[in-house]
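Visitor: Kindly generate the corresponding structure for this input.
(chains A and B)
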Amino acid sequence: MKLIILDHYSQASEWAAKYIRNRIIQFNPGPDKYFTLGLPTGSTPLGCYKKLIEYYKNGDLSFKYVKTFNMDEYVGLPRDHPESYHSFMWNNFFKHIDIHPENTHILDGNAADLQAECDAFEEKIKAAGGIELFVGGIGPDGHIAFNEPGSSLVSRTRVKTLAMDTILANARFFDGDLAKVPTMALTVGVGTVMDAREVMILITGAHKAFALYKAIEEGVNHMWTVSAFQQHPRTVFVCDEDATLELKVKTVKYFKGLMLVHNKLVDPLYSIKEKEIEKSQSSKKPYSD
Amino acid sequence: MRGGQGAARAPVIQFTNCRILRGGALLREDLWVRGGRILDPEKLFFEERRVADEQRDCGGCILAPGFIDVQINGGFGVDFSQASEDVGSGVALVARRILSHGVTSFCPTLVTSPLEVYHKVLPQIPVKSGGPHGAGVLGVHLEGPFISREKRGAHPEAHLRSFEADAFQDVLATYGGLDNVRIVTLAPELGHSQEVIRALTALGICVSLGHSVADLGTAEEAVQSGATFITHLFNAMLPFHHRDPGIVGLLTSDRLPAGRHIFYGMIADGIHTNPAALRIAHRAHPKGLVLVTDAVPALGLGNGRHTLGQQEVEVDGLTAYVAGCSVESALEAASLHPAQLLGLEKRKGTLDFGADADFVVLDDSLHVRATYISGELVWQVEEARP
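Guide: Got it, this is the predicted structure:
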């Protein structure tokens, strides 16, 4: 894995956004070759989404040839409920960028047949050619998406009942009223995310520190489902200092030392504007000297 | 054409780079319009999976619901209380000219007039939707003749009336019918007025109290009978007195029917009401403030100063003297509150999803830069040529 440690939440968000930006631009997506991106919700990725929106507004990045697949959605919450993940994605990302609605995919928690909806989602991912980069977060209980402790590490998209830890963590979005928090959700499986060609996990804040420790310094364990990515060939963990509080000093020093190397992934920072300049310049060459 | 089966195929227009008035606040949001109505872009995205057909950059301006003027006696040389053969042209001229002031709907107002005038004029002012031809006519506001002699203001004394024994029939006979009538201003201290108020309210007509010497008790009774508006607060009524606040006391009365509050019109030209008095009323009851022009035929003739009786008046748009309250409050007083007064707040006076796309583009000084009715540009400022 690559463990990227930045000082503060804002820098971690920015590093992650730059990484995604470079990956998309270097992939050079087009009408026959979409960049498939897996996306999370929650408070952790908000800073990253803001930076990505900024890059779009500056003309440096476009989502025209990007297809997105969200990780999860609550069951039984109306799509236009302010706390649904559809609302989250619309308000925090989709409405600010140039992505076409048909290229976005979010599980429908109000489908008549929930498992059929999950199976169809897996098919859509397959049809899109698999996920190029899956961005995710980690719960305080070490879960990825809603793969709660005890979830199979080879699981696929399915219905899950939420653990009490998760319901407590989400209560703040429902006026602090536990009774209002949905108890079930549709989620991609651990196996689904493992199938992605690359995985990036964002982890910030001291309250996630123990989960990060369990995920990367202990064994692969279905009680801490993020630990499954120890067996993925290409994983990036992006954290702030606070998230590393439970790690060994040795681990932190090692990866901080590697920042010189890892920063080359975001520097130089690419822009679609340069690509256009390159194109127009290359067409001018025949007329020079 | 609004709604209907053609609407789903109508082009979607996205107004970007603007601040819109929604939920009492100015939000940095885009405004989406389709088929003459405000569209919910999230629904469009997730259900229809569509993007906008056209984007229009608003240059950082404010987008507010179109203004609604419920008291305007004429303008640009037109006097609605004149019994001409072609009242319609006069109304149309005013309707077109007020677009540049951001008014998208209005109630042509008739002052106290002889019966012949009502009988001739009223049938010629039908309710009409707005469009490129002009602001929409919501119905007529009849200010008088059932008002107080003492507080008649500029209304002609000879044509004042009081209610006869069969009061409602008297009203019908006076006006010649109540089609096209939206608001009636009367003095509630007149005998039999309570039954008239009840009858008019039952017909869906808004009853307003004004040109009156009523005390608070009479005014409260009138509200209990159905009155919902006060015509130009402070003007043509008894002044506020601490032992009997009169009609002004309705703003803070605790004897109004549950769940209802009173609306009050204010002429925000700084002349009719001292700005300090306007602020007292606004602070006492901000949700009831309705800005009106009470404009007269002199409106718009030349620039700036005109005579109104013995007064010189600077005509400068609806928001001239609402300094001291927030921009959002001022905008709501000119749009949302009059819509609520007339029970139209689902369709007019708001930029909520599903409402009619009647809105104005304003710069930070609240000057109108463009006016839209049903999502169609009906007026815009002429840019100075370099």
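
Visitor: only C-alpha atoms for contact and neighbour calcs from this point on.
Guide: Fine.

Visitor: longest helix anywhere in chain A?
Guide: helix A:9-27 (DSSP state H).

Visitor: Show me what that helix is packed up against.
Guide: Here helix A:9-27 touches helix A:46-57, strand A:235-240, going by 3 or more Cα pairs under 8 Å, 6 or more residues apart in numbering or on different chains; DSSP states H and E.

Visitor: which residue sits closest to the residue of the stretch 1-150 of chain B found nearest chain A in space, ignoring its chain neighbours?
Guide: Going by Cα to the nearest Cα, chain A is nearest to residue B:49 of the stretch 1-150 of chain B, at 4.9 Å. Excluding the flanking residues, the one nearest residue B:49 by Cα to Cα, 6 or more residues apart in numbering or on different chains is residue A:101, at 4.9 Å.

Visitor: Residues touching the strand of greatest length in chain B, excluding its own?
Guide: If you go by DSSP state E, chain B has its longest strand at strand B:103-110. The contact list for strand B:103-110 (Cα atoms under 8 Å, 6 or more residues apart in numbering or on different chains) reads B:66-74, B:80-81, B:91, B:95, B:98, B:130, B:134-144, B:182, B:358-359, B:371-373.

Visitor: so what pLDDT did residue B:301 get?
Guide: In this model, residue B:301 is scored at 60, pLDDT.

Visitor: ok, the closest residue to residue A:155 other than its chain neighbours - how many residues close by?
Guide: Of all residues not flanking residue A:155 in the chain, residue A:189 sits nearest, at 4.6 Å (Cα to Cα, 6+ apart). For residue A:189, the count of nearby residues is 28 (other Cα atoms under 10 Å in any protein chain shown).

Visitor: cool, and residue B:169?
Guide: 14.

Visitor: what helix or strand is it on?
Guide: Taking DSSP states H and E as the criterion, residue B:169 maps to helix B:167-175.

Visitor: so the residue nearest to residue B:49 touches residue B:52, yeah?
Guide: No: Residue A:101 is beyond contact range of residue B:52, at 10.9 Å (criterion: Cα atoms under 8 Å).

Visitor: higher neighbour count, the two?
Guide: Using other Cα under 10 Å, the more surrounded residue of residue A:101 and residue B:52 is residue A:101, with 20 against 16.

Visitor: Look up how far residue B:267 lies from that one.
Guide: Going from residue A:101 to residue B:267 by Cα to Cα, to the nearest Å gives 48 Å.

Visitor: Same check on residue B:60?
Guide: Counting by Cα to Cα - residue B:60 and residue B:267 are separated by 29 Å.

Visitor: So these two - more neighbours on which side?
Guide: Taking neighbours as other Cα under 10 Å, residue B:60 and residue B:267 compare with residue B:267 leading, 26 against 15.

Visitor: quick one: pLDDT of the residue of chain A at minimum distance from chain B?
Guide: Nearest residue of chain A to chain B (Cα to the nearest Cα) works out as residue A:101 at 4.9 Å. The model reports residue A:101 with a pLDDT of 97.

Visitor: need the contact list for it.
Guide: B:45, B:46, B:49, B:50, B:51.

Visitor: Equivalent analysis for residue B:211, please.
Guide: Contacts of residue B:211 (Cα under 8 Å, 6+ apart): B:147, B:148, B:151, B:152, B:153, B:186, B:187, B:231, B:235, B:236, B:237.

Visitor: residues from the stretch 101-250 of chain A in reach of chain B?
Guide: Counting by Cα under 8 Å from any Cα of the partner chain, the positions of the stretch 101-250 of chain A adjacent to chain B are A:101, A:102.

Visitor: Tell me which stretches of the stretch 101-250 of chain A form helices.
Guide: Taking DSSP state H, counting those that start in this stretch, the helices of the stretch 101-250 of chain A run over residues A:114-127, A:164-170, A:190-194, A:209-216, A:249-257.

Visitor: JSON lines for those, including mean neighbour count, mean pLDDT and distance to residue A:13?
Guide: Output for the helices of the stretch 101-250 of chain A, formatted as JSON lines (neighbours: other Cα atoms under 10 Å in any protein chain shown; pLDDT from 0 to 100; distance: least, Cα to Cα, whole Å):
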{"stretch": "helix A:114-127", "mean neighbour count": "16", "mean pLDDT": "97", "distance to residue A:13": "26"}
{"stretch": "helix A:164-170", "mean neighbour count": "16", "mean pLDDT": "85", "distance to residue A:13": "21"}
{"stretch": "helix A:190-194", "mean neighbour count": "22", "mean pLDDT": "97", "distance to residue A:13": "21"}
{"stretch": "helix A:209-216", "mean neighbour count": "22", "mean pLDDT": "97", "distance to residue A:13": "17"}
{"stretch": "helix A:249-257", "mean neighbour count": "13", "mean pLDDT": "97", "distance to residue A:13": "17"}
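
Visitor: Tabulate those helices (a markdown table), appending distance to residue B:21.
Guide: Formatted as a markdown table, the helices of the stretch 101-250 of chain A follow (distance: least, Cα to Cα, whole Å):
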| stretch | distance to residue B:21 |
| --- | --- |
| helix A:114-127 | 39 |
| helix A:164-170 | 31 |
| helix A:190-194 | 42 |
| helix A:209-216 | 42 |
| helix A:249-257 | 48 |
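
Visitor: can you map out the helices along chain B?
Guide: Counting by DSSP H, the helices of chain B are B:41-43, B:87-97, B:115-121, B:167-175, B:193-202, B:216-225, B:275-284, B:327-334, B:336-341.

Visitor: Other residues contacting the fourth one?
Guide: For helix B:167-175, the external contacting residues (Cα under 8 Å, 6+ apart) are B:115, B:118, B:119, B:122, B:163, B:164, B:178, B:192, B:193, B:195, B:196, B:199.

Visitor: try 6 Å
Guide: With contact meaning Cα atoms under 6 Å, 6 or more residues apart in numbering or on different chains, helix B:167-175 is reached by B:115, B:118, B:196.

Visitor: Closest to residue A:227 out of those residues?
Guide: Nearest to residue A:227 out of those is residue B:196 (Cα to Cα; 78.2 Å).

Visitor: So the residue nearest to the closest one when sequence neighbours are not counted versus chain A, what's the distance?
Guide: With sequence-adjacent residues excluded and distances taken as Cα to Cα, 6+ apart, residue B:196 is closest to residue B:168, at 5.4 Å. Distance, residue B:168 to chain A, using Cα to the nearest Cα, to the nearest Å: 49 Å.

Visitor: Residue B:383 too?
Guide: Residue B:383 is 28 Å from chain A, by Cα to the nearest Cα.

Visitor: Report whether the expected contact of residue A:103 with residue A:69 is present.
Guide: No: here residue A:103 does not reach residue A:69: they are 8.6 Å apart, not a contact under Cα atoms under 6 Å.

Visitor: Which one's more surrounded, the two?
Guide: For the pair residue A:103 and residue A:69, the greater number of neighbours falls to residue A:69 (22 against 17), based on other Cα under 10 Å.

Visitor: burial of residue B:235, as a residue count?
Guide: When counting by other Cα under 10 Å, one arrives at 17 neighbours for residue B:235.
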